[in-house]
Structures are given as structure tokens and as C-alpha cells.
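Engineer: Provided below for reference: sequence and predicted model.
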Amino acid sequence: MADTMQFDLVAPERKLASEGEAVEVMVPGADGDLTVMPGHAPMLTTLRPGRLTLVTRSETHSYAVTGGFAEITPEGVTVLAERSLPAEEFTREVHDKLIAEARRVHEEAHPSVADLTAKLLADMEAMGTHMTL
Amino acid sequence: MPSLKDLKNRIGSVKNTRKITKAMQMVAAAKLRRAQEAAEAARPYAERMHAVMAGLAGSVKGADNAPRLLGGTGSDKVHLLVVMTAERGLCGGFNANIAKLARQHATKLMTEGKEVKILTVGKKGRDSLRREYGQYFIGHVDFSDVKRMSYDEAQSVARDLLQRFDKDEFDVATIFFSVFQSVISQTPTAKQIIPASYEPEEGEETPSVNYDYEPSETQILADLLPRGIATQIFTALLENAASEQGARMSAMDSATRNAGEMIDKLTIEYNRTRQAAITKELIEIISGAEAL
């Protein structure tokens, strides 16, 4: 079994990162964080807002993602994130804006999806701690 | 017979026109390159999305509890045509071709006794369809102050569509846009997005992997379907942006060429007239001298 895998982080507008030698990837899954290593069973998971960490042999990169989904195969991980940026660029202002947006969505939301938007808002707020702001 | 001065003025004005069309062509060329890059950059996401959706959709196909966005509302009475055109003209047949395709569809649906509703994205499409189909318009999305198409715009269109779908305003939605083939060829295309149809593209193999789903397959599908629609709209918007610039570039190229030809023709006429005037004066002088 290979000890590295392919990692791709794509946003609708561009490919944000592509790394052929990922050792492990930590993904903020909707039902909890998970770490993917080469040879992982194929799975699809949606993401909650949080920190995505990529570990290669020599480096560690972090990204902030606000949702999307990850496709995991034994050969690699593809993360399709609607919005995502390197952790260094994730500042308090960005975070505040995201929280404000989530709050607005939650307030305008139909009662039937209020639970979901409340979760999104809570996740969004918790994201600050994850990203160590 | 126009006078020398008239001709000179006309040559001057055509020269000015040529300058403008030439400048527009160059601007369009630069914008086209950027639009193409944007379309190129967006491809990986759309492709992955499509592949995942095709796999997911295939596995729930035929199931009774398939989401409405995939399985449809069970009827196809009300059709929504989303006509995406440019905000600006002077781009050859670009807007007209999309509007024509939409018009054909609308006429066909109406003869089949279906109800048609139209949502326009882009001012030009609204203008050209208003006279005939004005009463079917249910909305218009204005992107005239958007400089660069971003995913947010696509999302706002998708959200609008989904809200209308939830309110049962329509059963089937089709988007009309232009696929960028090359600078000289853009194909107006109609694509049904609701209910979503994810047929594997030709030559593309359907992933046969059995995925684990987290949370559940149906939940993921419910989460992804709206994203899939937004992605398709985004792709369409980007294709449209590239097509528009491509169409404008070739339209302005031929306009520049035509202006050049016109200048040549007018210059010949100008020289002939000048020559004729000189000859006439000479004859007058000579006959005047002979009369002495």
C-alpha cells in the first residue's frame, strides 16, 4: 500500500490546492472530524465549517472551509468546498462576516430548516476556536 | 454627387468608427482570455461535482422516495425557461441566437399545451423576448453591475430557482445559454436542470465504487442537489461570458474590416471626384484661352 495519496482542494472558481504526496488529511466532516490516511475506505461526506489540515512529508497546511463535501477513495481525497481559504488568510473580519451571514440566513430561514441553519450558525461560531483566532 | 467636402467628412467619420471597433475588439480579446481562464479554472469543480452526482443519482434512480429535485414533481405541466444572455449588445448574433432558441422552445411547449414561464438573466434577452412573451415573464436577474462572474452570482440565481420550485411555481426548468466552442463559433444550448438529469458523459465511466456515506446517502443527495444546480448555472454563466466576448471579438473584427473596405471605397471616390474637378477646371481654362 502506498504511503502517500493525492489531495485536491477545489472551489467552484479555481483549484486551490493539489498535492500528490499527502500523508494525512484531517477533514471536518458533518458528523465529526475524521483523519484520512492512504488506503481509506471509499466514502462521501458533507463538511461543516471548520479547519481542514493537510499533512505532507515535510509540511503542514491548514485551510478554512465553510462547507461542501469530500470524496475519499483509497488513492486520495478530493474536497469540493464552496468557500475556502488558507488558514493564514482567515482573519477575524472574515470570520465575523461569515457569522453575520449565517445569522442572517438563520433568521430568514423557513421554520422547517431552522435546526439546520442553527447548526450552521453554531458551527460557524465554533469555527473561530478551531482556527485559533 | 457628393461634394469633395462631404466625402472627406464621411471618410473621417468611418475612420473614427474603425478606431472604436478596433478598440472594442482588442478589449474583447483581453476579456475573452480572462473569461476563458475563469471557465478553465472552474472546470475541475464542475467535473468532480458531475461525477459524484452521477454516481449518487444513479444509485437512487427509480426509487420512490427520490428527492423532488431529481425525480421531478410528477408532472411536466409548467415549464420555466431561464434565458441567460449578455447585459450588452454589439456582440454579433450572440444574444439573438440564445433568444431564438428560447423562442423555439417556448413555441413548441405552447403548442403541446404546456404552460411556459420565463426568467431572464441579462438585459438583452429580456429586451428581445419582451414583446412576444412579456406576459410570461416571472422575473429578471440583473448582472449589469457585476464585473466578473463569481460563484455568488450563480448561487443567487440557483437560490431564486429553488425557492420558486419549492413554491411549486414550475415543474421543469431549462437554462438557455451559449457554449463557447471557439472565437468564431458559439453554440446556443438548452439544458434541463430541474429535475436534474445526470447522465454520465460519453467516454466517462461511471464510478463503480461503493461509497460509505456520512451522514446518509439521501441526506448527502439533498445537500448536494442544490449545489449541483448552482454549479451548473455557474458553468453556464462562465460559458456565456466567454461566448459573449468571443462573439463580440469576431463581430468587431468584421466591423473593423468592413470599415476599412468602406474607407478604401470612399477614398477612391474622393480621388475620382477630385480628379474630375481638376479636369473640369483645366477644360474651362483651356476653352477660355482658346476663346481669346
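Structural biologist: Ah, there it is.

Engineer: quick one: low-confidence parts of chain A?
Structural biologist: Within chain A, the set of residues satisfying pLDDT under 70 comprises A:1-2, A:131-133.

Engineer: for it, which strand is longest?
Structural biologist: strand A:15-29 (DSSP state E).

Engineer: give the contact list for A:Gly68.
Structural biologist: For A:Gly68, the contacting residues are A:Thr46, A:Leu47, A:Val79, A:Leu80, A:Ala81, A:Glu82, A:Ser84, B:Arg227, taking C-beta atoms under 8 Å, 6 or more residues apart in numbering or on different chains as the criterion. For the C-beta atoms, the positions are set from N, CA and C on the backbone; glycine is no exception.

Engineer: phi, psi of it?
Structural biologist: In terms of degrees, to the nearest 10, the main-chain angles of A:Gly68 are phi 120, psi -150.

Engineer: in the sheet, who's paired with it?
Structural biologist: Beta-bridge partners recorded for A:Gly68 (DSSP bridges): A:Leu47, A:Ala81.

Engineer: ok, now how distant is the nearest residue to A:Thr60 once chain neighbours are set aside from chain B?
Structural biologist: Computed as C-beta to C-beta, 6 or more residues apart in numbering or on different chains, the closest residue to A:Thr60 that is not its neighbour in sequence is A:Thr53, at 6.5 Å. To chain B, A:Thr53 is 18 Å away according to C-beta to the nearest C-beta, to the nearest Å.

Engineer: still on that earlier bit, of the contacts of A:Gly68, which count as buried by neighbour count?
Structural biologist: A:Thr46, A:Leu47, A:Val79, A:Leu80, A:Ala81, A:Glu82, A:Ser84, B:Arg227 (16 or more other C-beta atoms under 10 Å in any protein chain shown).

Engineer: circling back: the residue nearest to A:Thr60 belongs to a strand?
Structural biologist: Yes. For A:Thr53, which was evaluated using DSSP: H, G, I helix; E, B strand; the rest coil, the result is membership in a strand.

Engineer: burial measure for it, as a count.
Structural biologist: Per other C-beta atoms under 10 Å in any protein chain shown, the neighbour tally for A:Thr53 reads 17.

Engineer: For it, list the residues it contacts.
Structural biologist: A:Val25, A:Met26, A:Thr60, A:His61, A:Ser62, A:Tyr63.

Engineer: now the helices for chain A?
Structural biologist: In chain A, helices defined by DSSP state H lie at A:92-108, A:114-130, listed in chain order.

Engineer: Near chain A, which residues of chain B are found?
Structural biologist: Along chain B, the residues adjacent to chain A under the rule C-beta under 8 Å from any C-beta of the partner chain are B:38, B:41-42, B:44-46, B:48-49, B:52, B:56, B:150-151, B:154, B:209-215, B:219-220, B:223-224, B:227, B:230-231, B:234.

Engineer: which element is the nearest residue to B:Gln155 once chain neighbours are set aside on?
Structural biologist: Distances taken as C-beta to C-beta, 6+ apart place B:Ala230 nearest to B:Gln155, at 5.0 Å, with adjacent residues excluded. In this structure, B:Ala230 sits in helix B:217-291 according to DSSP states H and E.

Engineer: relative to helix A:114-130, how tilted is that helix?
Structural biologist: Helix B:217-291 and helix A:114-130 are oriented at 80 degrees to each other (axes from the mean of the first three to the mean of the last three C-alpha atoms, to 10 degrees).

Engineer: Report the contact partners of the residue nearest to the spatial centre of chain A.
Structural biologist: By C-alpha atoms, centre = their mean, chain A has its centre lying nearest to A:Val65, at 3.8 Å. Taking C-beta under 8 Å, 6+ apart as the definition of contact, the neighbours of A:Val65 are A:Pro28, A:Leu47, A:Pro49, A:Gly50, A:Arg51, A:Leu52, A:Val79, A:Ala81, A:Arg83, A:Ser84.

Engineer: how close does it sit to B:Ile229?
Structural biologist: Distance of A:Val65 to B:Ile229, given as C-beta to C-beta, to the nearest Å: 21 Å.
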